[in-house]
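Trainee: My questions are about this predicted structure, shown below with the sequence.
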Amino acid sequence: MSPIQLNVRYFAAARAAVGMDTEVLLVAGGSTLDALIIKLLSCHPELRHLLPRCSFLYNGVAVRDRSQVLDGNHTVDVLPP
């Protein structure tokens, strides 16, 4: 599948860890939230202790199922506890 573009917004401790508010990431089409988390860890290893405790919003809606497939040109918010 073709890559898709996701807007990732970081809040609180996640923002402090990565040093930015937002970034655009390319992931494989059909990627899940779990796949995005793996991508985030490869780009930002400093998140390794924080991401397992984070909550995520996909277009403003809480995601509890990390196997949810993500569509391109949408927003994922990373919310630390």
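Mentor: The structure has been received and is ready for your questions.

Trainee: can you give me the strands in this protein?
Mentor: Remark: strands assigned in the chain by DSSP state E are 3-10, 22-28, 55-58, 61-62, 74-79.

Trainee: quick one: which of those strands is nearest residue 68?
Mentor: Judged by CB to CB, the one of the strands of the chain that comes nearest to residue 68 is strand 55-58, at 7.0 Å. All C-beta atoms are positioned from the backbone trio N, CA, C, and that covers glycine.

Trainee: which parts of that closest one are buried?
Mentor: By 16 or more other CB atoms under 10 Å, the buried positions in strand 55-58 come out as 56, 58.

Trainee: May I have the strands that pair with that strand, each with its orientation?
Mentor: strand 61-62 (antiparallel), strand 74-79 (antiparallel) (DSSP bridges).

Trainee: circling back: will you turn the strands of the chain into TSV that also has mean pLDDT and distance to residue 36?
Mentor: Formatted as TSV, the strands of the chain follow (pLDDT from 0 to 100; distance: least, CB to CB, whole Å):
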stretch	mean pLDDT	distance to residue 36
strand 3-10	96	7
strand 22-28	96	6
strand 55-58	97	8
strand 61-62	96	15
strand 74-79	97	6
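
Trainee: Many thanks, I have nothing further to ask.
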